[in-house]
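[1] fold the following and give me the result.
(chains A, B, C and D)
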Amino acid sequence: MNPALRTFLILAALVVAGALIFPSSYYYRVGTLVWINTLAVTGIVVLLGYVGLVSLGHAGFFAIGAYATAILPSYGVPSVLAAILGAAGAGLLAAIVGRPILRLSGYYLAIATLGLGMLIWMVLSKEAWLTGGPDGMTVMGANARDLFKLVGLNLRSAESWYWVTGTFAVLGAVLAVNLGNSPWGRALRAIHDSDVAASSLGIDVAKAKSMAFTISAVYAAVAGALLALANGYITPEVGGFMHSVEMVTMAVLGGAASVFGALVGALILTALPQVLTVFADYEHMILGAVMVLTMILMRRGLVPALVDLAKRRRK
Amino acid sequence: MTKTKLIAAGVSALALSVASPALAQIKIGASLAVTGPAAFLGDPEAKTLEMLVEEINAQGGINGEEVELVLYDDGADPNKARTFATRLIEEDEVVAVIGGTSTGATMAMVPLFEDYEIPFISLAGAVVIIEPTKEYVFKTPHTDRMACRKIFEDITARGLSKVGLISGTGGFGKSMREQCMSVAEESGVEIVADETYGPNDADMTPQLTNIAGTDGIEAIVNPGFGQGPAVVTRNYDQLGIEVPFYQSHGVASDSFIELAGDAAEGVRLPATPLLIPDQLAEDDPQREPVQSYIAAYEEQYGESPSTFGGYAYDAFHLLVDAIERAGSSDPQAIRDALEETEGHAGVTGVYTFGPDDHLGLDLSSFRMLEIQDGGWVPVEQ
Amino acid sequence: MSRLDIEDLGISFGGIKAVDGVTFSAGAGEVTSIIGPNGAGKTTLFNLVSGVYTADTGRVGIDGTDVTGKPPHLLARAGMARTFQNLQVFPQMTALDNVMTGCHMIERSNLLADLLGLPSSRRETAKSREAAREALRRAGLEKLAERPASELSYGQLKRLEIARALVTGCDILLLDEPAAGCNAVETREVDDLIHGIAQEGKAVVLIEHDMRLVMRISSHIVVLDQGRKIAEGRPDQIRNNPDVIAAYLGAHGAAEAEAANA
Amino acid sequence: MSELLQFLVSGVTVGAIYAAVALGFTMIYNASGVVNFAQGEFVVIGGLTAAFLIAMGVPVFLAAVLAVVAGTVVGILLYRLAIRPAREAPLVSLIIITIGASIFLRGAMQMVFDKQIHRYDGFSGETPLRFAGATILPQSLWIIFGSFAVFVFLAWFMSRTRAGRGIRATASNRLAAALVGINTRWAMNLSFALSAAVGALAGVLSTPVTFTSYDVGVLIALKGFSATMLGGVGSPQGALVGGLLIGLIESLTAGYISSDYKDAAAFIVILVVLFVRPEGLFGKKLTERV
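    Next up, the predicted model:
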């Protein structure tokens, strides 16, 4: 089967399955966050899993999407257009700064992306007249519920956001899988393994890296816009360092090489804190231990480790 | 908790469970920043709520019903706070919620409580929480605008007017800075210098040097909480600056004096009566709650309570009072009773809510204190 | 006709001249071999020619056009492809995907079409797959097409790199020790493969240690020692050049070599 | 003029703290190629341990020594339990392992200690020293002196001692180092122990000025990481210069331009430097071998 179609069917089935078993809005709310994170992390998969580039500043792009969606409506821009402009703005910024930043490698790339993310975060925290400062701002605008009312469905707010974000996550995954199996996708994966060999084959490595950076920035920004709309309130912390780390951790934990890794990583790191409320005092210790142990025991992440296990069983 | 209390609690719980097999319960929710950047505030809030719930159950609960506290740690993350608010409403089916240590977390939860019609008492400072008034949202802390007014009142009373601000860049400092800027003119002061510092900065002498070098500077105000204000205070002392120095209610606790040491001498700040339990007049309505809160907290945790714990104390007692008056734990009834609260003496101030006032405090509940000989002394006005 | 013209090319690392004023040309349909003892600067010369390093001195020309200082991907577009001494395959991909990556320049696809999985993008992928299978067949690797590259042997990977370079549609092919790690049978196959490539009219530049292979298929040999060109000529000229023998064995060993030759 | 002097004093004090943290980063990087994002936790462990011991009545210098020992033990445990089992893992996994470890340590510290802010008095009193119109706390001199001492010690240790050369050899080629008889495992333990000790010492020295609490480690690590990369990862000179530079940029920006954007100024300088010199100020140029 075509891998994109397979991805679509599996993820769409998961979205529907969630809706079938969820007993309350609370579950829809957590599900919504899982899908938003899956979308953002799929962008990290393109950048880290396909091309092998580490970004510790992607929360900055996430925040651009979120804040564009929050700010522009007060200047008369409709929410949906504001979200699109936010995604475009994040992509444009990534395309502009990508070239000089992506010449760096390893820890130097990490600090440069980190610095970029921090700069965005600082602007959002300092310019209170525009962003409300560290206390954040209310997001006026579209409610997904209205979308469903158009077709005569009267859903609860949490439920309608679940469907909207689930749809975006599935589409995002399909696009990423398409890309992975396409001419440009092969070029990106070639750079992952050897950029010298890739350039000897006529691949413009700088351009390809910058493209992947831009794509992943747009993913993050769209996820940010969805979070802003679904939450109705945002603070600069969506653009903070720890959020960048969280996105990369989700990707690596699940397995950065595939979109299923993105889903599994997003699911675990979103749901785990909800489960761990029982052990409130130990929450951070458990979270830290899970991160360390997964990386030691399953280098390539959970999904590849499980696939290997299944293969070995079959043999 | 003492042994006798524990036994009493055990016995009464046993007695209740024997008496009524289908034990009625009142579930109260809380989402606080027990960890994270605002843990300094959220930790005493959580401790206070846990202590009060034990206490009230030991006394037989509210209207004979046991109180259960469902507490989540949102780490001051609005995203988490909103999830927990959903969980409190839908899964835990609480009748009222206390919390939102930070303004961000509070504001992320507000639409849900309005939507589900559940009364909510925030412990965060910013004005936006209750302005405009939201039907189900109340708050116990003074607003930062009130703190600015109180400070400026004291500055002008001393015949001064030219003020330099040095604010933390965290939510508290940033928000209070904005409020101080906006009320400066009407309060008769002029902001002549405006500097900031990061929450974990190690040295603020450059900023203070600039402020001290500003022409005609007459007073310095430092909105912020956590360690920053203590560092600023030490730097102020180090540079030998002479103009009067004001802190905010954000550092109104004994630990500020410990951290800032001798440098804190002469510093003034607006605070709640919690800091001066023994200096309150016999007929002060706040004397009783303040002293009993401090006694209970010190006994339970071996440390003195903070202003922030006091906000949680007031929120809980306002809620208990409303439930008792409503005679019901129906969320709508609780809300209505809350709004009718009149003259409720808490540790922060005396609350009187109304349809247009969900804070219920006025400037008089703030006491201007000065640090003298390592202790708090009310400023005569 | 000369396809590739190298003129006075040089580079130093930390004061040591790794390649020093090397000049030679490679003609269409010919196999030009670069030989020399270990450390003579052969691979560095390749890295200079293919744009991985930027030369301190000299010029590189392709079909008469000056391409000095151009980055590798533009040289590739000008028709130059190469393989690597220390293997630069893509280990996470299958053998087929490795070779398909070589089709990058001939694929007519844009990013949007790739993301959306449009038919145009899929058509390009299908075309590349055909071309890659053909190249794998030529390199004798068609049975291994679906295997991850990480599972292939050293000699197979060497040929995989040749196949990958071939599908780029290059006119100039730089091969860095293609027969290293090959047994006698495989060396013979590599021999035939290179011969066939030259026959198509491509200019092949070869670095190789297997002297029998070099002597058999080269039309032209350039000898490097300590970064400098010390000799150039047809195989039979090089075979008996005393400077070359001296360079390989040290002056003192030259006599022994002569004795052995006799 | 006295203004400028005050800004410089402030910048050097703060920069010396960053430099000490950066030197800890450098130590571990040089031995293992790992940039340890849990480095900030060592600083906190040092500061909190000292604060608690001093509050219990332990004499200051004994408390300082014990705090450094505590940090060192945690450093060795970190290496044995988290880094060694993950050897040869890709860079991003190592980043996540060390960040995971820092989250774990933070959780542990909030249990072992508390969530309050702590400090203790400076070693040489609290009376500021005044000169030429500027003031400095005696403890700031301790910090500045401490950072330089650590730098001199590390530079001497790495180049002049057998153990130091062993660490460097292990870093450049573990197998070769083992073949010539260097106990590489011991070298790695030693480098983590030293790095943690340096971090804890930085915490012990700076707590009277900066205060400490269980969760400040992230920000400390961020600043230290920035200083390390600005100087060029792996170079002790780079760590020292990078730390001081960032401290000075921050204080001069706060003094002359805008305190609101002093942290931004530091990051902008880092980005600009990396655009011009991708290997940092003192880093080794990377040449790819193909």
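[2] residue A:233: how many residues sit nearby?
    Residues contacting residue A:233 under the criterion other CB atoms under 10 Å in any protein chain shown number 24. Just so you know, the C-beta spots here come from the backbone N, C-alpha and C atoms, and that holds for glycine as well.
[3] quick one: residues contacting the residue nearest to it when sequence neighbours are not counted.
    Excluding the flanking residues, the one nearest residue A:233 by CB to CB, 6 or more residues apart in numbering or on different chains is residue B:108, at 4.0 Å. Going by CB atoms under 8 Å, 6 or more residues apart in numbering or on different chains, residue B:108 touches A:136, A:231-233, A:235, B:78-79, B:81-82, B:85.
[4] ok, now with 7 Å
    Residue B:108 makes contacts with A:231, A:233, B:78, B:81-82, as judged by CB atoms under 7 Å, 6 or more residues apart in numbering or on different chains.
[5] who wins for neighbours among these?
    Ranked by the number of neighbours (other CB under 10 Å), the contacts of residue B:108 place residue B:81 first, at 30 neighbours.
[6] for it, which three-state class applies?
    Put simply, residue B:81 is helix when judged by DSSP: H, G, I helix; E, B strand; the rest coil.
[7] so residue A:178 touches residue C:116, yeah?
    Yes - here residue A:178 lies in contact with residue C:116, judged by CB atoms under 7 Å, at a distance of 6.5 Å.
[8] tally of neighbours for the closest residue to chain B within the stretch 1-150 of chain C?
    When scored by CB to the nearest CB, the stretch 1-150 of chain C has residue C:115 as its residue closest to chain B, at 28.7 Å. Residue C:115 has 20 neighbours, counted by other CB under 10 Å.
[9] what's the neighbour count on the closest residue to residue A:106 other than its chain neighbours?
    Among residues not flanking residue A:106 along the chain, residue D:91 sits closest, at 5.9 Å (CB to CB, 6+ apart). Neighbour count of residue D:91, defined by other CB under 10 Å: 17.
[10] now the residue nearest to residue C:200 when sequence neighbours are not counted: how far from chain D?
    When the adjacent residues along the chain are set aside, residue C:200 lies closest to residue C:29, with 7.9 Å between them (CB to CB, 6+ apart). Here residue C:29 is placed at a distance of 28 Å from chain D (CB to the nearest CB, to the nearest Å).
[11] wait, residue C:29 sits on residue C:204?
    No - if you go by CB under 7 Å, residue C:29 and residue C:204 don't touch, sitting 8.9 Å apart.
[12] doesn't residue A:179 make contact with the residue of the stretch 1-150 of chain C closest to chain B?
    Yes - at 5.2 Å, residue C:115 counts as touching residue A:179 under the criterion of CB under 7 Å.
[13] if we can go back for a sec, so is the residue nearest to residue A:233 in a helix, a strand, or just coil?
    State at residue B:108, reduced to three classes by three-state DSSP: helix.
[14] if I look at it, how far off is residue D:29?
    Taking CB to CB, to the nearest Å as the measure, residue B:108 and residue D:29 are separated by 40 Å.
[15] for residue C:180, same thing?
    Per CB to CB, residue C:180 is found 35 Å from residue D:29.
[16] those two - which one has more neighbours?
    Neighbours per residue, other CB under 10 Å: of residue C:180 and residue D:29, the larger number sits with residue D:29, 21 against 18.
[17] tell me who's in contact with the more buried one.
    D:35, D:233-234.
[18] out of these, who has the most neighbours?
    When neighbours are counted by other CB under 10 Å, residue D:233 leads the contacts of residue D:29 with 27 neighbours.
[19] near chain A, which residues of the stretch 151-300 of chain B?
    Residues of the stretch 151-300 of chain B lying close to chain A (CB under 7 Å from any CB of the partner chain) are B:169-171, B:174-175, B:178.
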